[in-house]
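Build me a model:
(chains A, B, C and D)
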2 protein chains.
Amino acid sequence: MRSHNASVIANLAFGRPAGVSRSDLARESGLSASTVSAIVADLMGAELLTSSHLARSSGGRPPIVLRFNTKRNHIIGIELGVSHVSVVLSDLAGEVVWRNRVEWYMPEDPPGTLRLIGALVDEARARPEATGELLGLGLAVPCPVDALTPDRLSPRLFPAWSEVRLAAQLHHRVGVRVFVDNDANCGAIAEFYVGAGVDIPDFTFIKVATGVGAGHMVQSHVYRGFSGIAGEIGHTTVDPKGRPCRCGLRGCLEAEIGSGAIVEKALEAIAAGRESALAEVAGLTLADIVAAAERGDALALELIHDAGAHLGVGVANLLNLMNPARVIIGGRLAEAGDLLLEPLRESLRARALWTSVERADVVISSLGEEQIAIGAAALVLRAALADLSLFWGSEAAVPPVSAPVARLWRNGGVGHP
Amino acid sequence: MRSHNASVIANLAFGRPAGVSRSDLARESGLSASTVSAIVADLMGAELLTSSHLARSSGGRPPIVLRFNTKRNHIIGIELGVSHVSVVLSDLAGEVVWRNRVEWYMPEDPPGTLRLIGALVDEARARPEATGELLGLGLAVPCPVDALTPDRLSPRLFPAWSEVRLAAQLHHRVGVRVFVDNDANCGAIAEFYVGAGVDIPDFTFIKVATGVGAGHMVQSHVYRGFSGIAGEIGHTTVDPKGRPCRCGLRGCLEAEIGSGAIVEKALEAIAAGRESALAEVAGLTLADIVAAAERGDALALELIHDAGAHLGVGVANLLNLMNPARVIIGGRLAEAGDLLLEPLRESLRARALWTSVERADVVISSLGEEQIAIGAAALVLRAALADLSLFWGSEAAVPPVSAPVARLWRNGGVGHP
DNA sequence: ATGTCTTTCTTCGGCCTAAGGAGAAACTCC
DNA sequence: GGAGTTTCTCCTTAGGCCGAAGAAAGACAT
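Purely as a prediction, here's the structure:
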């Protein structure tokens, strides 16, 4: 009970980086002023809250400004991509204070990957920006995370990893709790804490890069579905007569707008004699195409435009099915910005006669290249804010957790069923 | 706090119609035996629980069997369809004890509709099966229910109703609380309490009749999305080159498998000279087509088969996006049973190389024609089980509620954020 | 038959913690 | 300078959960 209310207060304070007074907290939490005072005293004793100056009076005693102590701990977030590893060091506000990125092809070398991550973590911890204790390690992985076996990469996508328990080994190596989640879910969490999803309880984040995946926030929680693999928007059908997909079907969203597909389309067009600056580029990548589009290359523009239109179909289906308040687009393709958004919105407007599509609010993520790694860090932040005992220290070497925040709590009450 | 735990206990007892002992409740709720005893005493005092016989001993004192008193109150559930009104009288187990159905075209006559519903409610209350007090009225309406204006039918679909506050008027007329929700959401709730969704926290119910709509249960709660209109699966695209839809697009699921579309397809085929028993039928309806298919008529079989295949595309998209544990199909078309399910599953299997589709569990609802009305009744049951004070009586003429069960509770704790 | 053990349920005392009121602190406005 | 406000704290009260002890009722072994 007390710990739960303490968590509520901590969350409120976290959400008010400009500072809050005790009476604000009482109003917003619905708790009594005396209870709030007691909880604040506890949290200040634990150095989770600090009180600074007095605020301007509004006709009475001026309120004491409380702030969430964002420097009490640091967090390390790791994005494990198929061909790179990104690391961010963040404070408790989710602010990135240091970053690093290494190109690394991970599918076939688990031990090397583990060593690399270990070294990167050591490097991060040694930075002067790493204030306080390390609160935990967040890890974003490039495949669905199954609720039953959170600590195992998909054996189908990464056969070499099938026996590796990555999080457990990292836990052993680093000595702090490790939280794992899918990259798109991490993206959603990043947006929820420091991006375009702040204060929005229901939104969807779509990552469009090599693959296309979505992370859903539903009522301020990551929605994982029955077996933890919700969000596979990449394999929804947007054109039954479209390009073949690695999943065996035709016209999956990923087969149309994944980096590989767009590059292929470009190469096909060039081979067919189409004029374009892209013809000059050796080892064409999506980044090249986006850059060319920004310089006005007709073929590149057309490719991005088509991608936006296709994405619009998928987004329209998503809006109809789930009615999120906002859709946030991230990943490599999102760097095209308005060039992508314009045709996407147009494709949505064509469906605007009906339902939630017309209230659609589609934006591009502004968190940049480390977006997913930031989300991995926010994974830890989220867990700690939901269960403050993570702050009070290593009560036990609890095995790494991933998905579910416990829905039942004991001792003075049982949680929402 | 107490009231919340009482609700937990009541829910557990409700979920065990065969009876539970106090120590079972303690085990399953995580509360202490003494607390459970105290709560049970309260609930028995309020006649919500009754104790009957002793169960067989398992080597010690035999447990006292407690049962949820399903006859303490009755509930009336109303399905307001476009062309009919269904009423069910149910007990607190969601068991239908009386039913009635009237053909009635409702879009243009709000006052007449209100009178009709009033009369039906009076009739139901007068039945001897209506034991105890009337707990509340549940109302399923054939359009999205907006979270901001729950008590207003969609002005776009029902212009004549735009100024009518249906639930408020019913509340005034009948004197009990009225709960409103969309028909597909009611369908989902019906399945959750007495159908194929019992004990499944994440599933989707799809109603395929004139329109096609879905109701999502997410973590045992109805998911309504941002503006309360999630579940518009009828307007997801399953074939961009398909039939025109009333929404202005092509190949919406509803345009392919809604009753109207299937009947039209049948008429077109007959007009094109296709042989079929359907050619004899005047005023062809979907029911005729389903019946003919069951008798082996080739055209009818083909139509149902196509519908199943199209539905499969929509369901596959749903599975990929949301990964529910189960998909339950209801509505008129579902009466085709395996004739529909077979091609649907085949259509899914074609997508089975990837993700959640392969674990798909698709079934047909078995609740029959009153399914939606049962869900309307379950709406009341659900609200009362979540907030037992509804049982203790009319503390106030609270205005009719619809969507959200409060997510924050006071007095001894603040709810899950 | 009798005693022991097990399981279920109740009673009682203790403790945690939230609420409420009184009061102190610190400022504004008249 | 006084009245009024707003913020915060201290103290008392009370709700309600828990644990321990005990009572109830049967199984089972000797």
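
Between its first and last residues, how far does stretch A:198-216 reach?
Across stretch A:198-216, the straight-line distance between its terminal residues is 14 Å, by CA to CA, to the nearest Å.

can you list contacts of stretch A:11-31?
Contacts to stretch A:11-31, defined as CB atoms under 8 Å, 6 or more residues apart in numbering or on different chains, come from residues A:5, A:8-9, A:32-33, A:35-37, A:39-40, A:43, A:49, A:52, A:55, A:63-68, A:70, A:92-93, A:199, A:385, B:408, B:410, B:414, B:417. Where C-beta positions appear, they are placed from N, C-alpha and C, glycine not excepted.

Helices - which of these land there?
Mapping the contacts of stretch A:11-31 onto helices (DSSP state H) picks out A:5, A:8-9, A:33, A:35-37, A:39-40, A:43, A:385.

about what we covered before: from the contacts of stretch A:11-31, which are also near DNA strand D?
Counting by CB under 7 Å from any atom of the strand, the subset of those that neighbours DNA strand D consists of A:33, A:37, A:40, A:63-64.

just curious, which of these is nearest to B:Arg359?
Relative to B:Arg359, the closest of these is A:Val40; by CB to CB it sits at 47.1 Å.

What about that closest one, how many residues nearby?
For A:Val40, the count of nearby residues is 24 (other CB atoms under 10 Å in any protein chain shown).

Also A:Leu49?
Other residues near A:Leu49 number 23, with proximity taken as other CB under 10 Å.

among the ones next to DNA strand D among the contacts of stretch A:11-31, which ones are buried?
Listed as buried from these are A:40, A:63-64; burial here means 16 or more other CB atoms under 10 Å in any protein chain shown.

Could you export the residues you listed as a markdown table, including pLDDT?
Listed next are those as a markdown table, based on pLDDT from 0 to 100:
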| residue | pLDDT |
| --- | --- |
| A:Val40 | 96 |
| A:Pro63 | 93 |
| A:Ile64 | 94 |
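
of all the residues you listed, which comes closest to DNA strand C?
Sorting these by how near they are to DNA strand C, with CB to the nearest atom of the strand, puts A:Ile64 at the top with 8.9 Å.

any idea of the mean pLDDT for stretch A:284-296?
Stretch A:284-296 shows a mean pLDDT of 93 in the predicted model.

Which positions within that stretch qualify as buried?
A:284, A:286, A:288-293.

Make a markdown table from the residues you listed and add distance to DNA strand C to it.
Formatted as a markdown table, the buried residues of stretch A:284-296 follow (distance: CB to the nearest atom of the strand, whole Å):
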| residue | distance to DNA strand C |
| --- | --- |
| A:Leu284 | 60 |
| A:Leu286 | 52 |
| A:Asp288 | 58 |
| A:Ile289 | 56 |
| A:Val290 | 52 |
| A:Ala291 | 56 |
| A:Ala292 | 60 |
| A:Ala293 | 56 |
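
related to what we said a few turns ago, turn the buried ones among the ones next to DNA strand D among the contacts of stretch A:11-31 into TSV, columns for distance to A:Asn323.
Formatted as TSV, these follow (distance: CB to CB, whole Å):
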residue	distance to A:Asn323
A:Val40	38
A:Pro63	39
A:Ile64	42
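
Pick out whichever of those residues sits closest to B:Pro155.
Checking these against B:Pro155 with CB to CB, the nearest one is A:Pro63 at 45.4 Å.

residue contacts, the closest one?
By CB under 8 Å, 6+ apart, the residues touching A:Pro63 are A:21-24, A:54-55, A:57.

Let me know the closest of the ones in helices among the contacts of stretch A:11-31 to DNA strand D.
Closest to DNA strand D, out of all of the ones in helices among the contacts of stretch A:11-31 and judged by CB to the nearest atom of the strand, is A:Ser37, at 3.3 Å.
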